[in-house]
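Participant: Attaching a predicted model along with its sequence, questions to come.
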Amino acid sequence: MLRMQKLASAIQDAARMLLEEKKVDLVVGFSKGSLPLRSTPCFIRKPEDAAKLTWDCSCENNLANYLRKRQDRVAVVAKGCDARSIAALINENQIDRNNLFIIGVPCSGMVDRAKVEAALEGKDLIAVEEKGDTLVLKAIGVTMEVKLDDLLHDTCKVCRYGNPVIYDMMIGEPAPAKPEDSFADVAAFEALSPAERRAALAAEFSKCIRCYACRNACPMCYCTECFVDCSAPVWVNKSTGTDDNIMFQAGRVFHSAGRCADCGACDRACPMGINLRGMTRKMVKEVKELFGYETGVNPDEKPALAEFKADDPQPFLVKE
Amino acid sequence: MIIAKNALPGLLDKLIAEYEVYAPVKEGTYSLYKQICKGTEAYFGFLNSKIPPKGILFPQSEKLFSYSGAQMEECIDSKKKVVFGLRPCDAQSLLLLDSVFKNDKYEDPYYMNRRANTLLVGMACCYPAPTCFCTSMGGGPFDSKGLDVMLTDIGDEYLVEAVSEKGRELMAKMALSAAGDGQKAAAAKVRDAAVVTCEVKTDGLKNKLDANFYDSIWESFHEKCLGCGSCTYSCPTCHCFDIVDEARDCNGCRVRNWDSCMFPLFTLHGSGHNPRTTGKERMRQRVMHKFKYFVDNFNATACVGCGRCIKNCPVNLDIREILADIQGSEARSDK
Ligand code: SF4
Ligand code: SF4
Ligand code: SF4
Ligand code: SF4
């Protein structure tokens, strides 16, 4: 797609300039991956390597994950959700804003590889061609044209912050505004009876192999010792088992209350295709409804859990 | 021999009466090997399963023994099993696991007991995936080594061939009809058409790894790696484990869980010291173990080219690219 190519070359120019002028030591962005529809995080240190940088609808990883506690001066290519996570990490003193240059890129959504797999019914994608607002997917014996919108990640479909909230330089045209997130998915879950909810969670988390890709892909999961890795005391059994898998995930979600930017990085990282957003978004919704707080949207705002107001709602403590 | 596709569920049902039968089962957009209770549950529409079938013989979480006070009970599983629809790369991986779990230093009764009681019915790969590189790793889409029986999809039927004596006995129980010349020719045709397009150069790789432990090449491979267990848990040859007790008071069990060299915790000592400090050492370990140490120890490469780690890595860190970079690097003589 021409628009994407333009964005890619603008990103390359910016990176080259920053490295040539020695404004940064490193640019973190995306380069072409080894599979079709797959970009991969890349680290550029020489101006002549800037040409490796790319931009398209497969830049799914949250690059904020690579920015914590760095000593070097870094530029990062940030889409909307990366920028929100960066804002949250700055708030938590994990990133020194003075050492970070943010190349903001408006984002209209990234492709969900699982949806591509579903469309191809398990056949392996061999090639892909972009054609306006559709993608032509090719596998052995199959060629199909699918609307890009139908392949977007669910996170991206409801994301209202495709335009980075903080940046030092913005590349490309702003993404169009979207309606307020209705949290229909969470509401549907809440409408279930406790037994049904338990069954729904068990069905998802029985698939978990405890690879911790979700935790490690999350920019906000950075404890030096994760509670699941702790062996004295044992908070969660090391063995896989549906109950322990749920405990692990519930712990992770509670630990990121008011910190999760709903970027969907955990969900995209999960090899087993577990619906992790079902849990993370429940927490995002709670925090938004109780405290009117959305992570990383207003970089100057104090995080919900770092502040106490006398009139904070406390429905979980006392009956109001 | 020949079996019609629509007769396969019935045949599986017969096997289920006698064996624990494991077969690929469709789970949304992928397949997993699971124990099936009905022949119709098996689904052969996918190539490689999401997670390899190694867990049937070497479960992710395996109870070794349980205890209650001074009473101990060992958990040895000697039930007769059939794994149905195993891909050639996965069969090859079991031969590699065999050398880990039974060698001149050690014999693992848990794995070996299951192994001795398990029959492997393979399914040849008519359409290798772009991430498959089995032919570079000593295997191939129609390679039958390690299998007892091999099936080839020829449209509405499968050609069934015995590979081992045990396989011949199993086939005798199946009461199949003989294959005609046309059916054999059809099988030969799909075999010729099944081409693995991806190639990974392995010549000289071991020599490079013998000398490059301290090479600067290891500085960058891990940079984007998240240090998760996705690649190792989806690898059919990875076999590292951790042993823990899960107990309350005096009652509990000792469990063996899959572990991953990509986790920082993997080599963390009780003292707090960690000999593999960063992702660099951990990535080097993963590559060295597969392509050097395993060769040193067992004269084989601990990769069968199934491509799962490539597909499952959340940041698209591709082992083929790492190997190509190492191959392209200058040979070192210093150590
Ligand atoms: S990424 Fe998925 S499979 Fe891995 S630990 Fe997280 S939820 Fe479980
Ligand atoms: S290293 Fe990767 S390609 Fe090789 S056997 Fe393991 S998962 Fe398959
Ligand atoms: S790697 Fe080879 S044996 Fe394994 S699934 Fe692919 S074609 Fe089949
Ligand atoms: S799956 Fe990828 S990110 Fe995870 S440890 Fe392996 S190489 Fe690293």
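Facilitator: Arrived safely. Ligands and ions are numbered 1, 2, ... in the order given.

Participant: I'd like to know how far B:Gly167 sits from ligand 2.
Facilitator: For B:Gly167, the distance to ligand 2 equals 24 Å [C-beta to the nearest ligand atom, to the nearest Å]. (Each C-beta comes from the backbone N, C-alpha and C, glycine too.)

Participant: Neighbours of that residue, how many?
Facilitator: Neighbours of B:Gly167 under the rule other C-beta atoms under 10 Å in any protein chain shown: 21.

Participant: where does it land in three-state SS?
Facilitator: helix (DSSP: H, G, I helix; E, B strand; the rest coil).

Participant: show me the contacts for the residue nearest to it when sequence neighbours are not counted.
Facilitator: What sits nearest to B:Gly167 in space, not counting adjacent residues and going by C-beta to C-beta, 6 or more residues apart in numbering or on different chains, is B:Asp148, at 3.3 Å. Applying C-beta atoms under 8 Å, 6 or more residues apart in numbering or on different chains, we find B:Asp148 in contact with B:Leu119, B:Leu120, B:Val121, B:Ala162, B:Val163, B:Ser164, B:Lys166, B:Gly167, B:Leu170.

Participant: surely the second one meets B:Val83?
Facilitator: Yes: applying C-beta atoms under 8 Å, one finds B:Leu120 in contact with B:Val83, separated by 5.3 Å.

Participant: A:Val146 is in contact with A:Glu130, isn't it?
Facilitator: No: taking contacts as C-beta under 8 Å, A:Val146 lies outside contact range of A:Glu130: 11.4 Å.

Participant: So what sits opposite the residue in the stretch 51-200 of chain B positioned nearest to chain A in the bridge?
Facilitator: The minimum distance from the stretch 51-200 of chain B to chain A, using C-beta to the nearest C-beta, falls at B:Ser61 (3.7 Å). With DSSP bridges as the criterion, B:Ser61 is bridged to B:Asn257.

Participant: wait, what's in contact with it?
Facilitator: A:Ser239, A:Thr240, A:Gly241, B:Val255, B:Arg256, B:Asn257, B:Trp258.

Participant: Which of these lies at the shortest distance from A:Cys107?
Facilitator: Nearest to A:Cys107 among these, counting by C-beta to C-beta, is A:Thr240 at 34.6 Å.

Participant: Residue 132: how many residues sit nearby?
Facilitator: Using chain A here. Number of residues near A:Gly132 (other C-beta under 10 Å) recorded here: 8.

Participant: wait, I meant chain B there
Facilitator: B:Cys132: 30 neighbours (other C-beta under 10 Å).

Participant: Test my guess that it contacts B:Pro141.
Facilitator: Yes: assessed by C-beta under 8 Å, B:Cys132 is found in contact with B:Pro141 at 7.4 Å.

Participant: what about B:Asp192, which SS state?
Facilitator: helix.

Participant: Neighbours of whatever residue of the stretch 1-150 of chain B ends up closest to ligand 1, how many?
Facilitator: Closest contact between the stretch 1-150 of chain B and ligand 1, by C-beta to the nearest ligand atom, is at B:Ile51 (9.6 Å). Using other C-beta under 10 Å, B:Ile51 has 24 other residues around it.

Participant: Is it within a helix or a strand, and which one?
Facilitator: Taking DSSP states H and E as the definition, B:Ile51 sits outside all helices and strands.

Participant: OK, contacts around it?
Facilitator: Neighbouring residues of B:Ile51 by C-beta under 8 Å, 6+ apart: A:Ile209, B:Leu32, B:Tyr33, B:Tyr233, B:Ser234, B:Arg308.

Participant: who wins for neighbours among those residues?
Facilitator: For those, neighbours tallied by other C-beta under 10 Å; top is B:Tyr233, 28 neighbours.

Participant: Residue ranges of each domain in the chain, please.
Facilitator: I went with chain A, as the question did not name one. Under the assignment automatic domain parsing, the domains of chain A span A:2-112+A:159-170, A:113-148, A:184-306.

Participant: you looked at the wrong chain, it should be chain B
Facilitator: B:2-63+B:70-193, B:205-240+B:260-328.

Participant: tell me which parts of the stretch 101-250 of chain B are close to ligand 4?
Facilitator: B:Cys225, B:Leu226, B:Gly227, B:Cys228, B:Ser230, B:Cys231 (C-beta under 6 Å from any ligand atom).

Participant: ok, 5 Å please
Facilitator: B:Cys225, B:Leu226, B:Cys228, B:Ser230, B:Cys231 (C-beta under 5 Å from any ligand atom).

Participant: Model confidence score at the fourth one, please.
Facilitator: In other words, B:Ser230. The model reports B:Ser230 with a pLDDT of 98.

Participant: now do the one 10 residues further on
Facilitator: pLDDT recorded at B:Cys240 is 97.

Participant: Which residue is the nearest non-sequential neighbour of it?
Facilitator: Distances taken as C-beta to C-beta, 6+ apart place B:Asp259 nearest to B:Cys240, at 4.7 Å, with adjacent residues excluded.

Participant: now do B:Leu226
Facilitator: Nearest residue to B:Leu226 in three dimensions, chain neighbours excluded: A:Asn216, at 3.9 Å (C-beta to C-beta, 6+ apart).

Participant: same thing with B:Phe58?
Facilitator: Distances taken as C-beta to C-beta, 6+ apart place B:Tyr111 nearest to B:Phe58, at 5.4 Å, with adjacent residues excluded.

Participant: remind me which residues of chain A are low pLDDT?
Facilitator: A:1, A:318-320 (pLDDT under 70).

Participant: try 90 this time
Facilitator: A:1-4, A:121-123, A:130-132, A:140-141, A:230-234, A:299-300, A:302, A:304-320 (pLDDT under 90).

Participant: Same check on chain B?
Facilitator: Within chain B, the segments meeting pLDDT under 90 span B:69-70, B:173-175, B:248-250, B:270, B:329-335.

Participant: the strands in it, which residues?
Facilitator: With DSSP state E as the criterion, chain B has strands at B:2-4, B:20-27, B:30-36, B:61-68, B:71-74, B:81-86, B:118-123, B:149-153, B:157-162, B:241-248, B:251-258.

Participant: how close does the residue of the stretch 101-250 of chain A found nearest ligand 2 get to ligand 4?
Facilitator: Using C-beta to the nearest ligand atom, the point where the stretch 101-250 of chain A gets nearest to ligand 2 is A:Cys211, with a distance of 12.8 Å. Per C-beta to the nearest ligand atom, A:Cys211 is found 7 Å from ligand 4.
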